[in-house]
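Colleague: with the sequence up front, the predicted model follows.
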Amino acid sequence: MDEFVELARQDYRSNTPQYASSDDCTGIISERHLERVNRLLDEARERGAQVVPLGEDDGDAATRRMPMSLVIDPDDSLGVMREEIFGPILPVKPYDSLEEAIDYVNAGERPLGLYVFSGDEDSAQQVLDRTVSGGAAVGACAAQGALASLGFGGVGYSGSGRHHGVDGFREFSNPRGVVFRGEGGALDAFLPPYGEETQTLLESIFGAGGA
């Protein structure tokens, strides 16, 4: 974990050292949400979590720009672990084995997106096979939500339904099921008075004990 933090810091400062003060940085959507994101960081510090700012600048309050911050091994009760962040904060939870990481994901609510970063294809496939999420991407973040040809949506706590392309058409359409009764058929067996025909039908469906 310490190596990851140092590599993240080096990469950020080598490639985008003044990112949060530049026009390349997108500001937080509103002043209210900027205050909320800052409160998440303040709470993490107050509760003893290590907060690591990656940039060399403090951002620009006038345009609501913030540098990226890592929150190292935060307690699961903290806001950064319980709320949707919508800001440049990355909580980092350490683990000792892939099994532990998969168990941690499965112990929580179903995520909207699951992102796997691994140079080992088998490990990445294990994570995909043994977890449940609305969508997933390997080696990237949020790419699954940007493809119009790929159905996108949540599962369980993260939402329901899917959209994009034909998935969106099916989700937001309301096809009407219609039955035209033809000649013959077994429909009469479901209407009283019930007799031998009904008994035969039940036995064919459920076995001899169906009656």
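Modeller: Thanks, I have it.
Colleague: quick check: buried residues in the helix or strand bottoming out on mean pLDDT in the chain?
Modeller: Each helix and strand of the chain was given a mean pLDDT (mean pLDDT, DSSP states H and E); the minimum falls on helix 196-206 at a mean of 86. Within helix 196-206, the residues scored as buried using 16 or more other C-beta atoms under 10 Å are 198, 201-202. Yep, even glycine has a C-beta here, placed from its N, CA and C like the rest.
Colleague: what's the answer for stretch 78-87, then?
Modeller: Residues of stretch 78-87 classed as buried by neighbour count (16+ other C-beta under 10 Å): 78-81, 87.
Colleague: burial of the spatially closest residue to Asp60 that is not a sequence neighbour, as a residue count?
Modeller: Take Asp60 and drop its neighbours on the chain: the residue closest to it by C-beta to C-beta, 6 or more residues apart in numbering is Ser21, 5.4 Å away. Ser21: 17 surrounding residues under other C-beta atoms under 10 Å.
Colleague: ok, Ser21 to Pro67 distance?
Modeller: Here Ser21 is placed at a distance of 9 Å from Pro67 (C-beta to C-beta, to the nearest Å).
Colleague: and for the two, which residues touch both?
Modeller: Common neighbours of Ser21 and Pro67 (criterion: C-beta atoms under 8 Å, 6 or more residues apart in numbering): 57-59.
Colleague: about what we covered before: ok, now which ones touch the residue nearest to Asp60?
Modeller: The contact partners of Ser21, by C-beta under 8 Å, 6+ apart, come to 57-60, 65.
Colleague: longest helix in the chain, by residue count?
Modeller: The residue-count maximum for a helix in the chain (DSSP state H) belongs to helix 31-46.
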